[in-house]
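**Student:** Got a predicted structure here, sequence first:
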Amino acid sequence: MKRLLWITGALAALALLQWGCSAILLDGPIRQGPYYYQIMILAGINIVLAVSLNLTNGITGQFSIGHAGFFAVGAYVAASVSYYGGPGIRAATAFLPAVGQDTVVLLLALAAAGLAAALAGLLVGIPSLRLRGDYLAIVTLGFGEIIRVVILNVDAVGGARGFVGIPKLSNFFWVYLLVTACVVTVWNVVRSSYGRAFIAIRENEIAAQAMGIDVTRHKVMAFVIGAVFAGMAGCLFGHYTMYLHTNSFTFVKSFEIIIMVAIGGLGSIEGAVLGAIFLTVLPEAFRGFEGYRMIIYSLALILIMIFRPQGMLGQASLFGKKSKGKRK
Amino acid sequence: MESFLQQLINGISLGSIYALVALGYTMVYGVLRLINFAHGDIYMLGAYFGYYLSRLIQGRTPSHLLDAAVVMFLSMLGCALVGIVMERLAYRPVRRASRLTLLIIAIGVSLLIEYSSQVIFGADPKFFPQLIPETQIHMGGLILTNQQIIVLFTALALMVLLNLFIYRTRTGKAMRAVSFNLDAAKLMGINTDQIIALTFALGSALAAAGGILVSINIPGIDPLMGVMTGLKAFVAAVLGGIGNIFGAVLGGLILGLAEVMVSGYGSSTYRDAIAFLILIAILLFKPSGILGKGQVEKV
Amino acid sequence: MTALLELKDAMIRFGGLVAVKDLNFSVNEGELFGLIGPNGAGKTTVFNLITGVYAPTSGTILFDGKPVQGRKPHQICGAGIARTFQNIRLFPDMTVLENVMVSRHMRKTQGLAGAVLRSAAFLREEAEFRTDAMRLLELFQMEKFADEHASNLPYGSQRRLEIARALATKPRLLLLDEPAAGMNPQESADLMRLIRRLRDEFKVSILLVEHNMKVVMGVCERIQVLVHGEGIAVGEPAAIRKDPRVIEAYLGKE
């Protein structure tokens, strides 16, 4: 009952924010409004990507650099659902008002995106999670690139021309609903028996399996959960930009997500959120210096990893009790 | 049949370039257990150094071949220096850190070189000057260019030299010792810092040579040219068995042939995916590579 | 007495090296059993065979009458065999309490959905895991370190934490790999008391590998001697001590 109240409250708050934001930023008095609105949307997408990747990379310790691949799968599958299936779904739900029809289309697209990304995650995860460290990293990168090359060759989703004509269904409300769902899910999973199993695998795989943890199963589980959220982020991304091109999903995007996680602190959920916001907003401050922006990124990444490898926040938690122990 | 032979030659030619770059990956991995993601960017720097050096040197020496040799030598020297600086500044401070940290730093170094190059050299492709005028050689129905032959022989010569260095000199022996066991090598009085720096220098010089040789054949160069080649060379190194010198050469040749055959007889859009498919297959079925030895964590 | 664990002609080969050859021995229900031998005799390899880190090249390993060879380490742990490691393998960045709680994960009844939604049943189970783990820590007098990172514990406590963590899996057979390594005489005396107490209170059988002869002879009821991967003698401590083959293996021929 209490939980239901919370959920209703959160939904209402998000709806209110959505209404407020669009009233002020999109239709309102601020000249730069739409620009700020877009940055908020992109920040939200990046938060989902960073937090979900953090579950695999930071918490379970399985270094994946193919997250953009799942992002791509979700984006393209969802876009196909609403582009090709949209009219049919609308016809079937004609009794609803337009907003209702939009919602149904988007929810179905989201579900398809999550499901497809989960399948992709299984497909990639089951074979490759037998590998460790560097090898796993490079295989996930390979899978990510293969996914991209395959999409590039599918004409139905635009191929090299890009996917045009995706309906604009996503907005602040949906993006931040997903952000909330993702953060709450990862947060709760980490603070559960499953989370302890994930961390144990990161800390010492051999000891973890000797304590009865099915290591492969849990690695795949972490990987798939991460993939599902990345896929859903892809859905909302495509339905906001209304255009998809494989260039948005190269391994440079995967690197970007890793930088967000690493800067925030591997394993820290708050760190991933901050890292994502930081890396979305920072480049905007350097607009006009496009070239220098990535130089600063990479330099910052190197310096942080040399001098503060635990990231901005490290394992410290902004909320909840802090561990007494210090990292060795 | 003739077209097959032609493809074979193209494949070996491409493969020898991959092999040159793969050698650097494999050597660095051998001593530090680090995938130096920035290695492909050194290859790109080699091409750019060659580009600027050519404009200075071309026509100043008695022959075209000498022009090319001087350009290549200086560019290799320049990249060797870059390699040493990179190791000193980015990798040495964290040598004892977790491999994850190293991997992230390597990604950072790679991005840093790429984007700095975009600012310094410009993001647009540049046209590598023709150091050696092209002449065609007809052999039966085959068409070879003198450039192809030069590229192939230079690559082979460099690999032979490297091999002699590693297996015939004291320093080479020290390098093998370091890659076998860093700590033990240190205890035996080997200056491991020096050896690691030297490994980076050698690997980078070979990558630079690769960059220039590629540019002689395919003259368009750009700041991101090292990304794909670097990844593929890494695949070649893994395919052959990472840490193994012969493996890198073998892997490079196999990969080069596979790519040329796929784009020759199949679809060229899938060309870039081939490398990764090979990688995944090899990692799933024989993760230690063709010539590598398996490693098991001791419990 | 019935055999809880039984090795029958267990053999493992790494390349050309036969690390364990035709090994036969059994550990009875409730027994304190020692495995000794010179360095490199293959004692830890035997542990790795029993716990599924390696699959034997040939031979059978019966646990509670059922063959377990070739099964995955987590399955063997689930069947009721838990172990510690010679080179400590804790989860350094987790707290002491969490280290112990990890061992309960395989017995959980609540799924991922329960964890995400924080269902009542899930919260109840988490609380139960916590109380159980805390009780175990109290028994090891480590409750005051519960929220400390495992890596911050002194060496001796890390060894004890490994035992606590293994016990939390609720095993019927506990494998201790050199539990007294690096301990001073006082600590090893405490350890011997602890080992006997564990057997009595938790009704576990204990198989231990140990170099410290005082500990082995003092605590074990039967001992198997391993040399170059082969079992050369088995028996009670007093008999083993006098066995000429054992003396020869340790001291060489006169």
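**Tutor:** Okay, I see it.
**Student:** wait, what's in contact with C:V53?
**Tutor:** A:206, A:210, B:299, C:47, C:73 (CB atoms under 8 Å, 6 or more residues apart in numbering or on different chains). Heads up, the C-betas are built off the backbone N, CA and C, glycines and all.
**Student:** ok, and the most crowded of these?
**Tutor:** A:A210 (28 neighbours; other CB atoms under 10 Å in any protein chain shown).
**Student:** hang on, isn't it packed against C:Q75?
**Tutor:** No: the criterion here is CB atoms under 8 Å, and A:A210 misses it with C:Q75 at 11.3 Å.
**Student:** so which strand or helix has B:A201?
**Tutor:** helix B:192-217 (DSSP states H and E).
**Student:** Can you list the buried residues in that helix?
**Tutor:** B:192, B:195-217 (16 or more other CB atoms under 10 Å in any protein chain shown).
**Student:** show me the contacts for the residue in the stretch 1-150 of chain A that chain B sits nearest to.
**Tutor:** Going by CB to the nearest CB, chain B is nearest to A:G142 of the stretch 1-150 of chain A, at 3.5 Å. For A:G142, the contact set (CB under 8 Å, 6+ apart) comprises A:66, B:235, B:275-277, B:279-280.
**Student:** Need the worst-confidence member of the contacts of C:V53.
**Tutor:** In terms of pLDDT, B:V299 ranks lowest among these, with 59.
**Student:** I'd like to know how many residues surround B:F153.
**Tutor:** Residues near B:F153, counting by other CB under 10 Å: 11.
**Student:** next one: B:M188
**Tutor:** So B:M188, with other CB under 10 Å, has 12 neighbours.
**Student:** Could you find the closest non-adjacent residue to it?
**Tutor:** B:A177 (6.8 Å; CB to CB, 6 or more residues apart in numbering or on different chains).
**Student:** now the helix or strand containing the one you found against helix B:192-217, angle please.
**Tutor:** For B:A177, the host element (DSSP H and E) is helix B:170-180. Between helix B:170-180 and helix B:192-217, the angle comes out at 100 degrees (axes from the mean of the first three to the mean of the last three CA atoms, to 10 degrees).
**Student:** Can you name the element that comes right after the strand or helix carrying A:A72?
**Tutor:** Per DSSP H and E, A:A72 falls inside helix A:67-80. Next in sequence after helix A:67-80, counting helices and strands by DSSP H and E, comes helix A:86-92.
**Student:** so, in contact with chain B or not, stretch A:274-294?
**Tutor:** Yes: Stretch A:274-294 lies within reach of chain B by CB under 8 Å from any CB of the partner chain, at A:291-292, A:294.
**Student:** on that earlier part again, chain center to the helix holding B:A201, what's the gap?
**Tutor:** 7 Å (CA atoms, centre = their mean, to the nearest Å).
**Student:** I'd like the average pLDDT over it.
**Tutor:** Mean predicted lDDT for helix B:192-217 stands at 91.
**Student:** Show me the contact partners of the helix or strand following that helix.
**Tutor:** Of the helices and strands lying after helix B:192-217 in sequence (DSSP H and E), the nearest is strand B:220-221. For strand B:220-221, contacts defined as CB under 8 Å, 6+ apart pick out B:44, B:47-48, B:51, B:125-128, B:211, B:215.
**Student:** element containing C:R13, please.
**Tutor:** Assigned by DSSP H and E, C:R13 falls in strand C:3-14.
**Student:** What mean pLDDT does that strand get?
**Tutor:** For strand C:3-14, mean pLDDT rounds to 88.
**Student:** Kindly report the same for stretch A:76-96.
**Tutor:** Per-residue scores along stretch A:76-96 average to 89.
**Student:** For it, buried residues please.
**Tutor:** Buried, per 16+ other CB under 10 Å, within stretch A:76-96: A:76-83, A:86, A:89-90.
**Student:** measure that stretch end to end?
**Tutor:** For stretch A:76-96, the first-to-last residue distance is 26 Å (CA to CA, to the nearest Å).
**Student:** now what about that stretch, what contacts it?
**Tutor:** A:100-101, A:104-106, A:108-110, A:112-113, A:116-117, A:151, A:156-157, A:163, A:165-167, A:169, A:231, A:234-235, A:238-239, A:244.
**Student:** Of those, select the buried ones using a ChimeraX command.
**Tutor:** The ChimeraX command for the buried members of those (criterion: 16+ other CB under 10 Å) is given here:
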select /A:101,104,105,106,108,109,110,112,113,116,117,151,157,163,166,167,169,231,234,235,238,239,244
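**Student:** mind listing which of the contacts of stretch A:76-96 are in strands?
**Tutor:** When DSSP state E defines the strands, the subset of the contacts of stretch A:76-96 inside them is A:163, A:244.
**Student:** Quick check: pLDDT value at residue 285.
**Tutor:** By default, I'm working from chain A. Reported pLDDT for A:A285: 76.
**Student:** Not quite, go with chain B.
**Tutor:** Taking B:F285 on its own, its pLDDT is 79.
**Student:** do the same with C:E98
**Tutor:** pLDDT at C:E98 comes out at 93.
**Student:** ok now do the residue nearest to it when sequence neighbours are not counted, which residues does it touch?
**Tutor:** Once flanking residues are discounted, C:E98 sits nearest to A:R196: 5.6 Å by CB to CB, 6+ apart. With contact set as CB under 8 Å, 6+ apart, A:R196 has these partners: C:94, C:98, C:101-102, C:105.
**Student:** can I assume A:I269 is in contact with A:W187?
**Tutor:** Yes: using CB under 8 Å, A:I269 is in contact with A:W187, at 5.7 Å.
**Student:** Quick check: what element follows the host helix or strand of the residue nearest to C:E98 along the chain?
**Tutor:** Using DSSP H and E, A:R196 falls within helix A:193-203. Note on helix A:193-203: by DSSP H and E, the next helix or strand toward the C-terminus is helix A:205-210.
**Student:** Could you show which parts of the stretch 151-254 of chain C are in contact with chain A?
**Tutor:** So the stretch 151-254 of chain C meets chain A at C:151-152, C:165-166, C:168-169 (CB under 8 Å from any CB).
**Student:** try it again with 7 Å
**Tutor:** C:151-152, C:165, C:169 (CB under 7 Å from any CB of the partner chain).
**Student:** Give me the pLDDT value at the closest residue in space to C:S157 that isn't next to it in sequence.
**Tutor:** Once flanking residues are discounted, C:S157 sits nearest to C:M142: 6.4 Å by CB to CB, 6+ apart. pLDDT, C:M142: 88.
**Student:** Could you measure from C:M142 over to C:K214?
**Tutor:** In this view, C:M142 and C:K214 are 25 Å apart by CB to CB, to the nearest Å.
**Student:** Check A:L110 too.
**Tutor:** Distance from A:L110 to C:K214, by CB to CB: 66 Å.
**Student:** and the residue of the stretch 1-150 of chain A found nearest chain C, how many neighbours?
**Tutor:** Using CB to the nearest CB, the single residue of the stretch 1-150 of chain A nearest to chain C is A:R3, 7.7 Å away. By the criterion of other CB under 10 Å, A:R3 has 10 neighbours.
**Student:** So it: helix, strand or coil?
**Tutor:** For A:R3, the assignment made with DSSP: H, G, I helix; E, B strand; the rest coil gives helix.
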